[in-house]
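>>> everything below, folded, please.
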Amino acid sequence: MKEQFHEQDAVVPGVNQSTLEFGSLKTKSFDPISLWERVGGDMELLRDLVAIFSEECPGMLACIETAVAENNATALQRASHKVKGSVLQFSASDAAATAGQLEDMGRTNSLADAAQVLEALKAEVALLMETLNLMVYRGAPQ
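The predicted model follows:
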C-alpha cells in the first residue's frame with residue numbers, strides 16, 4: 001500500500017522533514033503536492049521527467065521565439081501548445097496559462113503583444129525549472 005501524501009503536513013510521509021519539504025515549494029503557480037501525486041510518489045520518475053523537460057524546453061522556447069520573430073502565427077500556435085502541455089505535466093498553472101495565451105494569439109493571428117507574453121513565459125519557465133530542481137534534488141523518499 002502506498003503511503004499517503006498529507007497536504008497539511010507538506011512532506012512526504014516517512015521522510016525527514018528537513019530532507020524533502022514539498023509544501024515550502026508551493027506557489028500560486030506551482031503545486032508540488034499535485035505533481036507528487038501525479039507521479040505516484042515515484043521520485044525516479046519525477047527526476048526523469050524533469051531531466052527530459054530540462055533538455056527539451058529550451059528548444060521549445062526557441063521555436064516560440066522564432067515564430068514570434070517571423071510573425072508566424074501557425075508555428076506560434078503549435079509551439080506554444082507543446083509548451084503548455086509540458087508545463088501542465090508539472091502542475092505549473094501560470095506558465096500553462098501564459099503558453100495558452102500565446103497559443104490563442106497564434107490561433108487568432110494576433111501577434112502584436114506576443115514578444116511581451118513570450119518574455120513572461122520565459123520567466124515563468126525559469127522559475128519552474130528552479131523549483132523543480134529544488135524538489136527533485138532535496139532528497140528522495142526512503
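
>>> okay, CA-based contacts and neighbour counts for the rest of this
Noted.

>>> excluding its backbone neighbours, what's nearest the residue nearest the centre of the chain?
For the chain, the residue nearest the mean C-alpha position is V87 (3.3 Å; C-alpha atoms, centre = their mean). Spatial nearest neighbour of V87, chain neighbours left out: A96 (5.8 Å); criterion: C-alpha to C-alpha, 6 or more residues apart in numbering.

>>> mind listing what's buried in the host helix or strand of the one you found?
Counting by DSSP states H and E, the element that carries A96 is helix 93-108. Buried residues in helix 93-108, counted by 16 or more other C-alpha atoms under 10 Å: 93-107.

>>> immediately after it, which helix or strand?
Downstream of helix 93-108, the next assigned helix or strand under DSSP H and E is helix 114-137.

>>> so what does that next one touch, helix or strand wise?
For helix 114-137, the packing partners by 3 or more C-alpha pairs under 8 Å, 6 or more residues apart in numbering; DSSP states H and E come out as helix 43-69, helix 93-108.

>>> helices or strands next to the helix holding A96 in the packing?
Using 3+ C-alpha pairs under 8 Å, 6+ apart, the elements in contact with helix 93-108 are helix 73-88, helix 114-137.

>>> go with 10 Å
In terms of contacts (3 or more C-alpha pairs under 10 Å, 6 or more residues apart in numbering; DSSP states H and E), helix 93-108 is packed against helix 43-69, helix 73-88, helix 114-137.

>>> with distance to P32 and mean pLDDT added, can I get the helices and strands packed on helix 114-137 in TSV?
Output for those, formatted as TSV (distance: least, C-alpha to C-alpha, whole Å; pLDDT from 0 to 100):
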stretch	distance to P32	mean pLDDT
helix 43-69	11	95
helix 93-108	11	96
